[in-house]
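> Got a sequence here, can you model it:
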Amino acid sequence: MRCGLAVVGLWLLLLPDATGIIIRDDRPDSDYVVADSDYPALVDLIERGDCIATLVHESYLLTVAHCAAEVNVGKVLQVNGVAYTVAEVILHPRWNRRRDDYDIALVRLAEPVQGVTPLPIYRGPEETGSLITLVGRGDSGTGVRGERGASNDGKLRKCTNVVSQVNDHFIEIFFERPGEEGITALEGVGAAGDSGCPAFIEVDGVAHIAGLNSWGEGPRGVRVGQYGAYDYQTRVTHYLEWLDSVVDFPDPPAVRTALSIMDLSPVFPALGSLEGISLTFTTATGKSYAVEQSPDLVRWRVRQSGIQGTGSPVRIILPAEPESWRARFWRVREE
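The predicted model follows:
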């Protein structure tokens with residue numbers, strides 16, 4: 001049984017400083033390694049492989065407070081190979097070294113960054129069930145040994161996971177074991193090294209920062225980074241009011257989100273074999289919708305498109321296919 005955000009106390013092994021990337025043991029490391037040039041907005045905040053910040057405005061970096069607290073005004077940071085001086089470190093006013101919450105901060109640069117596009121902040125609906133992508137440069141190992149078998153080679157890696165639940169302050173992900181239902185193709189969690197690395201949710205093909213890797217834990221008998229461990233990212237949407245009070249962000253583009261499915265159920269004929277999948281979802285007049293299914297929240301397949309909205313809930317029945325009911329994840333999106 002999984003225990004998560006609501007469970008605290010004697011069962012937990014806490015790690016206040018995360019993260020590099022811990023990966024599946026049945027996938028080659030090369031599948032996870034990415035080039036620094038793929039993420040020019042990421043900045044090594046302390047030293048290479050020890051705390052990361054992300055450019056979210058031409059003059060501001062976003063990171064976790066427990067990293068920013070170690071940065072002094074006047075420090076020189078490299079943003080895509082160009083030197084910029086720190087002008088101000090802005091910790092969330094309620095952050096406290098003795099607590100995990102409010103672990104968020106901004107670093108203002110003395111001059112605007114040129115030639116690098118800031119990454120947008122996620123402002124969408126609740127993150128639970130969303131595919132999330134973590135990018136980090138700290139310790140790397142596999143889920144067999146977790147952090148105990150990890151080492152830092154300075155390479156940038158990315159992994160994916162599914163948000164299992166959220167609370168006001170954190171996004172939680174869980175490290176599934178290969179073969180378990182719901183594991184993603186590049187499943188992984190954070191590890192020690194570069195706390196503050198971004199956790200992205202994709203919106204209309206654009207990566208938005210939804211979390212900042214903060215800490216990890218394992219229930220009794222599970223070390224941090226092993227299969228069965230949890231990883232926690234500071235939940236950026238909880239701090240939007242504070243962020244907007246400090247930074248004059250450009251107006252975010254309109255966000256097109258997946259629609260809520262009101263009902264999802266199997267359809268059985270009289271003889272009892274699976275005949276189809278019934279979905280009911282809300283629609284708007286004049287809009288067109290597509291229904292998609294996925295085994296892992298990474299590989300999505302369109303099952304039906306061109307569904308016309310009526311302004312009222314629409315029910316459709318999709319013919320059963322092998323494994324269709326076990327696909328686990330379904331979504332309806334506006335075309």
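
> so for stretch 29-49, what's the average pLDDT?
Across stretch 29-49, the average pLDDT comes to 88.

> Could I get the contacting residues of the residue lying closest to Gly225 once chain neighbours are set aside?
Among residues not flanking Gly225 along the chain, Gly146 sits closest, at 3.2 Å (C-beta to C-beta, 6 or more residues apart in numbering). Quick note: C-beta positions are derived from backbone N, CA and C, even for glycine. Each residue near Gly146 by C-beta atoms under 8 Å, 6 or more residues apart in numbering is listed here: Ile22, Ala191, Gly218, Val222, Arg223, Val224, Gly225, Gln226, Ala229.

> okay, the fifth one: pLDDT?
Listed pLDDT for Arg223 reads 81.

> Got the phi and psi for the closest residue in space to it that isn't next to it in sequence?
Excluding its sequence neighbours, the residue lying closest to Arg223 (C-beta to C-beta, 6+ apart) is Gly146, at 4.4 Å. Gly146 adopts backbone torsions of phi 70, psi -140, taken as degrees, to the nearest 10.

> again with Pro93
The phi/psi pair for Pro93 (degrees, to the nearest 10) is phi -60, psi -20.

> same deal with Leu77?
phi -110, psi 150.

> Any idea what it is bridged to?
Counting by DSSP bridges, Leu77 is bridged to Tyr84.

> was I right about it contacting Ile46?
No - in this structure, Leu77 is not within contact of Ile46 by C-beta atoms under 8 Å, at 9.8 Å.

> what residues are shared contacts of those two?
Joint contacts of Leu77 and Ile46 (C-beta under 8 Å, 6+ apart) do not exist.

> Dump the contacts of Gly146 into JSON lines; add secondary structure, neighbour count and distance to Pro250 as well.
Shown next, in JSON lines, are these (DSSP: H, G, I helix; E, B strand; the rest coil; neighbours: other C-beta atoms under 10 Å; distance: C-beta to C-beta, whole Å):
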{"residue": "Ile22", "secondary structure": "strand", "neighbour count": "38", "distance to Pro250": "35"}
{"residue": "Ala191", "secondary structure": "coil", "neighbour count": "31", "distance to Pro250": "34"}
{"residue": "Gly218", "secondary structure": "strand", "neighbour count": "22", "distance to Pro250": "40"}
{"residue": "Val222", "secondary structure": "coil", "neighbour count": "17", "distance to Pro250": "43"}
{"residue": "Arg223", "secondary structure": "coil", "neighbour count": "17", "distance to Pro250": "42"}
{"residue": "Val224", "secondary structure": "coil", "neighbour count": "26", "distance to Pro250": "37"}
{"residue": "Gly225", "secondary structure": "coil", "neighbour count": "34", "distance to Pro250": "37"}
{"residue": "Gln226", "secondary structure": "coil", "neighbour count": "22", "distance to Pro250": "41"}
{"residue": "Ala229", "secondary structure": "coil", "neighbour count": "25", "distance to Pro250": "37"}
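
> so which two of those residues are the farthest from each other?
Ala191 and Val222 (13.9 Å; C-beta to C-beta).

> Any regions of the stretch 151-300 of the chain where pLDDT drops low?
Counting by pLDDT under 70, the stretch 151-300 of the chain has low-confidence residues at 192-194, 251-275, 294-300.

> What are the boundaries of the helices in it?
240-246 (DSSP state H, counting those that start in this stretch).

> What ranges does it have for its strands?
Along the stretch 151-300 of the chain, counting by DSSP state E, counting those that start in this stretch, strands occupy 156-166, 170-174, 188-190, 198-203, 206-218, 230-235, 261-267, 276-281, 288-294.

> could you say what helices and strands the third one packs with?
With contacts defined as 3 or more C-beta pairs under 8 Å, 6 or more residues apart in numbering; DSSP states H and E, the packing partners of strand 188-190 are strand 21-23, strand 131-136, strand 156-166, strand 206-218, strand 230-235.

> got JSON lines for these, with distance to Leu62 too?
Shown next, in JSON lines, are the helices and strands packed on strand 188-190 (distance: least, C-beta to C-beta, whole Å):
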{"stretch": "strand 21-23", "distance to Leu62": "19"}
{"stretch": "strand 131-136", "distance to Leu62": "13"}
{"stretch": "strand 156-166", "distance to Leu62": "18"}
{"stretch": "strand 206-218", "distance to Leu62": "7"}
{"stretch": "strand 230-235", "distance to Leu62": "10"}
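
> Looking at those, which is nearest to Tyr60?
Nearest to Tyr60, of all those, is strand 206-218, at 12.1 Å by C-beta to C-beta.

> quick one: the closest one to strand 230-235, angle?
Angle, strand 206-218 to strand 230-235, by axes from the mean of the first three to the mean of the last three C-alpha atoms, to 10 degrees: 130 degrees.

> and the chain, what are its domains?
13-37+119-246, 38-109, 261-334 (automatic domain parsing).

> among these, which is the most enclosed?
Ranked by mean neighbour count, these are led by domain 13-37+119-246 with a mean of 21 (mean count of other C-beta atoms under 10 Å).

> what mean pLDDT does stretch 120-139 have?
87.

> Between the two ends of it, how far is it?
Terminal residues of stretch 120-139 lie 26 Å apart, using C-alpha to C-alpha, to the nearest Å.

> ok, back up a step: what distance do you get for the residue nearest to Arg223 to Gly218?
7 Å (C-beta to C-beta, to the nearest Å).
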